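In: Have a look at this fold, sequence not included:
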């Protein structure tokens, strides 16, 4: 996951994430020996940027931890526990309510061993979990098969191993008897073997026909930049400059065509300046660093404080200005030069002079697009911002008579600044909420967040109605018709959020408010639970009932799976569709329940793999049938196991999720 926050009131954008095969972590394994009876089994991993691998001993309530397992061993004994090596990061995770430890870029896991016989053999594997900010890998294994001559043997360990082998014979017999009893008590299969095999037939190519190949997020960022540019255009620092600048070009050149050319050059220079700013931000930070800024708790606190400062500036507490010497030097330089360079320096002077109004908007835009994690996002945002800012200069130069009908400068511009201040203050709470969830402070749970937003937008409505003023407002300020309608919208929005204090979903703000599970007082009980956690059993039930299926590939340790369940599945329409119209099958890819019998399969990359647990089986199903290995993943199927629509991943846009479910129902109805 991730959304682009525009500068207009409550403009929300959601990214559509397509399921895809991911291989972000590559491990190698080796048995390192010396001249003694001791050795080390070393698993060395390289981790792609943006991903992390969880450490050892996180606890049963946490995500998938790194763990060491042995299938067979002879002449070799384990010493101690699996030990991680590398730069371990420890952070509080709000979804699990615990500190999680993980590694980025690289990691090693080491298991010490002792040799107890001259000839040894061992078949073992490392199991680990990996996640990024949008998705998680299923439990993944790295195997090691090794046999050979021991460099030396340990007599004490050899004696202990012999004792354990003798005791193990009895234990194995008991386990075998227990397994037989469990199998006899199990429910009979509802599908015959051929039908079950048919449901595993790969549908990767069929699924690809539905899935969207690209995301529109950059388009939304561009549009958000345009909105920000137009808002900056109508501030007191920019709007009054337009007629003065256009008049200057028209008076400077008696030929109107030349004046228009210079005005257009002036506008293009503005675009170049702001696009260069976006490029500088991209080159300084890069995509992964920008994404880290959007999710790191410390930086989110800094973003919050920055937006509060911007809001205070718009309210009139102080002016954010660049040093006057910068403006004077650039202005003097523009007078000494001529041609295109002179015009470019004039545009640069405009950027410096108008910084007190444009700076907070630019800063807000750059902070907002950082959540995209794209290296081109800041540049695209600044391109939209600059175009909106530059077009009026060229337009009024082409048609000077339009200046007469343009709104005159006045107190309405300061009202616009104050409105922007309220909006920036509201979004500052969004960034503070991210930090609050990361550290588990619980000072800004859902009720507190909504209460503050209700207060902010209520005060905005009262301000627009003229109930109170700020220092820069005109004395005797009166409410005009546009301000009245804006006040009506703001107050209505505040009233709309009030039921959320008691647990109402509030779809319009679900992308901004903390998740539903932070709500202390919740009267809304509309939870969704899967009917089946077995693929074949669920498909058989759907066939009998004549209903389509939603397969939910999830995990006990999948953070974003829980977010989707809390933010999307609690919606009344979504819950009704899942409970009444679909057979919901949730397959947990990290389910550690052992399979009655291990399965040897050929994986998608051609390698042989042993399926040992129920989670291994569902993870293999996801890769083999659907060509994906990340969670969450939602797929709608007919009763033959064929896809009804494209897959869906982590995306908290409720309206799009409802459209996704309805599209599956329509397709299923057509097939019937």
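Out: Received the coordinates, thanks. Just so it is clear, the model here is predicted, and its values are computed rather than measured.
In: isn't residue 600 right up against residue 616?
Out: No. In this structure, residue 600 is not within contact of residue 616 by CB atoms under 8 Å, at 11.4 Å. Every residue, glycine included, has its C-beta placed from N, CA and C.
In: Give the residue from these two that has the larger number of neighbours.
Out: The neighbour count for residue 600 versus residue 616, taken as other CB atoms under 10 Å, is higher for residue 616 (26 against 8).
In: Would you confirm that that one belongs to a helix?
Out: Yes. According to DSSP: H, G, I helix; E, B strand; the rest coil, the state of residue 616 is that of a helix.
In: Check the gap between it and residue 277 for me.
Out: Spatial separation of residue 616 from residue 277 under the definition CB to CB, to the nearest Å is 50 Å.
In: what residues are shared contacts of residue 600 and residue 616?
Out: Counting by CB atoms under 8 Å, 6 or more residues apart in numbering, the residues touching both residue 600 and residue 616 are residue 610.
In: what ranges of the stretch 401-550 of the chain fall below the confidence cut-off?
Out: 401, 403-410, 437-440, 507, 510-511, 515-517, 524-527 (pLDDT under 70).
In: And the strands in it?
Out: Secondary structure of the stretch 401-550 of the chain, counting by DSSP state E, counting those that start in this stretch: strands at 549-554.
In: Sketch out the helices for it, chain order is fine.
Out: Secondary structure of the stretch 401-550 of the chain, counting by DSSP state H, counting those that start in this stretch: helices at 402-405, 411-439, 446-464, 481-497, 535-545.
In: How about the stretch 551-672 of the chain?
Out: With DSSP H, counting those that start in this stretch as the criterion, the stretch 551-672 of the chain has helices spanning 559-567, 572-576, 614-626, 654-671.
In: of all the ones you listed, which lies closest to residue 391?
Out: If you check each of the helices of the stretch 551-672 of the chain against residue 391 by CB to CB, helix 654-671 wins as the nearest, at 31.9 Å.
In: now for the closest one, which elements pack on it?
Out: With contacts defined as 3 or more CB pairs under 8 Å, 6 or more residues apart in numbering; DSSP states H and E, the packing partners of helix 654-671 are helix 572-576, strand 633-637.
In: Just want to check the distance between residue 562 and residue 402.
Out: Counting by CB to CB, the gap between residue 562 and residue 402 amounts to 55 Å.
In: on that earlier part again, could you dump the helices of the stretch 401-550 of the chain into JSON lines with distance to residue 261 and mean neighbour count added?
Out: Below are those laid out as JSON lines (distance: least, CB to CB, whole Å; neighbours: other CB atoms under 10 Å):
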{"stretch": "helix 402-405", "distance to residue 261": "18", "mean neighbour count": "10"}
{"stretch": "helix 411-439", "distance to residue 261": "30", "mean neighbour count": "21"}
{"stretch": "helix 446-464", "distance to residue 261": "42", "mean neighbour count": "20"}
{"stretch": "helix 481-497", "distance to residue 261": "36", "mean neighbour count": "16"}
{"stretch": "helix 535-545", "distance to residue 261": "68", "mean neighbour count": "18"}
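In: ok so, going back, of all the helices and strands packed on helix 654-671, which lies closest to residue 489?
Out: Among these, helix 572-576 sits nearest to residue 489 (CB to CB), with 24.5 Å.
In: Buried residues in stretch 33-42, which are they?
Out: When neighbours are counted by 16 or more other CB atoms under 10 Å, the buried residues of stretch 33-42 are found to be 33, 37, 38, 39, 40, 41, 42.
In: List the contacts of the closest residue to the fourth one other than its chain neighbours.
Out: Think residue 39. Ranked by CB to CB, 6 or more residues apart in numbering and with sequence neighbours excluded, the top spatial neighbour of residue 39 is residue 33, at 4.2 Å. Contacts for residue 33 were tallied using CB under 8 Å, 6+ apart; they are 39, 150, 151.
In: Please repeat the previous calculation with a cut-off of 10 Å.
Out: When contacts are counted by CB atoms under 10 Å, 6 or more residues apart in numbering, residue 33 is found next to 39, 40, 113, 115, 120, 146, 148, 149, 150, 151, 152.
In: and the fifth one, helix, strand or coil?
Out: Per three-state DSSP, the secondary structure class of residue 120 is strand.
In: before we move on, the earlier item: of all the contacts of residue 33, which comes closest to residue 659?
Out: residue 146 (52.8 Å).
In: Let's see the pLDDT reported for residue 207.
Out: In this model, residue 207 is scored at 83, pLDDT.
In: Distance of the spatially closest residue to it that is not a sequence neighbour relative to residue 131?
Out: Across the structure, with CB to CB, 6+ apart as the measure, the residue nearest residue 207 apart from its sequence neighbours is residue 643 (4.9 Å). If you measure residue 643 against residue 131 using CB to CB, the figure is 26 Å.
In: same thing with residue 563?
Out: Residue 563 sits 12 Å away from residue 131, taking CB to CB as the criterion.
In: Same drill for those two, tell me which one is more crowded.
Out: residue 131 (25 against 18).
In: What about the nearest residue to that one once chain neighbours are set aside, how many residues nearby?
Out: In space, residue 131 comes closest to residue 52 once its chain neighbours are excluded; the distance is 6.4 Å by CB to CB, 6+ apart. Residue 52 is flanked by 23 other residues according to other CB under 10 Å.
In: Check residue 232 too.
Out: Residues within reach of residue 232, counting by other CB under 10 Å, total 25.
In: wait, it sits on residue 420?
Out: Yes. Counting by CB atoms under 10 Å, residue 232 sits close enough to residue 420 to count as a contact (9.0 Å).
In: thinking again about what came up before, closest one to residue 101 out of the contacts of residue 33, please.
Out: Using CB to CB, the shortest approach to residue 101 within the contacts of residue 33 belongs to residue 40, at 21.3 Å.
In: For the helix or strand encompassing residue 387, buried residues please.
Out: In this structure, residue 387 sits in helix 377-398 according to DSSP states H and E. Buried residues in helix 377-398, defined by neighbour count with 16+ other CB under 10 Å: 377-394, 396-397.
In: and after the lowest-mean-pLDDT helix or strand in the chain, which helix or strand comes next?
Out: Of all helical and strand segments in the chain, the minimum by mean pLDDT, DSSP states H and E falls on helix 155-185, at a mean of 46. Toward the C-terminus, helix 155-185 is succeeded by helix 193-199 as the next helix or strand (DSSP H and E).
In: Tell me which residues of that next one come out buried.
Out: Using 16+ other CB under 10 Å as the burial criterion, the residues of helix 193-199 that qualify are 195, 199.
In: what ranges of the stretch 51-200 of the chain fall below the confidence cut-off?
Out: Along the stretch 51-200 of the chain, segments meeting pLDDT under 70 span 61, 94-97, 155-192.
In: ok, back up a step: check the helices of the stretch 551-672 of the chain for me: which has the lowest mean pLDDT.
Out: Least confident of the helices of the stretch 551-672 of the chain, judged by mean pLDDT, is helix 559-567 with a mean of 76.
In: From the contacts of residue 33, pick the one nearest residue 258.
Out: Relative to residue 258, and with distances defined as CB to CB, the nearest of the contacts of residue 33 is residue 40, at 78.2 Å.
In: I figured the closest one hits residue 113, correct?
Out: Yes. Under the criterion of CB under 10 Å, residue 40 lies in contact with residue 113, with a separation of 7.2 Å.
In: Need the residues touching each of these two.
Out: 31, 32, 33, 79.
In: Now intersect those with the strands, please.
Out: Using DSSP state E to define strands, the subset of the shared contacts of residue 40 and residue 113 located there is 31, 32, 33, 79.
In: Could I get the buried residue list for the helix or strand harbouring residue 205?
Out: When elements are assigned from DSSP H and E, residue 205 belongs to helix 204-210. Buried residues in helix 204-210, defined by neighbour count with 16+ other CB under 10 Å: residue 207.
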